[in-house]
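Novice: coords below, sequence missing:
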Ligand SMILES: [Zn+2]
């Protein structure tokens, strides 16, 4: 899931480094590099959060019934589901 994000960040960092090496690290390239790294870290954090939110149907600990992961209580027995 985060493979594409890692690829984009790696490509961006590589591009920024290549640009910095060929042109010399100036006041313009460093903020760009920092921005790419920050954007990548943010994207990875968002992707991880989205990954944990998209869980498939779970099973109730009380009755074993199939329940929605977003449901606060089991629709079969009313037991509170784990977050
Ligand atoms: Zn239940």
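Specialist: On my side now, so go ahead. This one's a predicted model, so the numbers in the text were calculated from it and none came from an experiment. Numbers count the residues shown, from 1 in each chain.
Novice: biggest helix in the protein, by residue count?
Specialist: Longest helix in the chain by number of residues, with DSSP state H as the criterion: helix 29-53.
Novice: off-centre distance for the helix or strand following it?
Specialist: Downstream of helix 29-53, the first helix or strand assigned by DSSP states H and E is strand 58-59. Distance, stretch centre to chain centre, for strand 58-59: 23 Å (Cα atoms, centre = their mean, to the nearest Å).
Novice: same thing with stretch 30-42?
Specialist: Mean-position distance between stretch 30-42 and its chain equals 16 Å (Cα atoms, centre = their mean).
Novice: can you list the residues of the chain near the ion?
Specialist: Contact residues, the chain versus the ion (Cβ under 5 Å from the ion): 60, 62, 63, 65, 74, 76, 77, 79. C-beta here means a position set from N, CA and C on the backbone, and glycine is covered the same way.
Novice: quick one: contacts for the first one?
Specialist: I take that to be residue 60. 66, 67, 74, 76, 77, 79, 81 (Cβ atoms under 8 Å, 6 or more residues apart in numbering).
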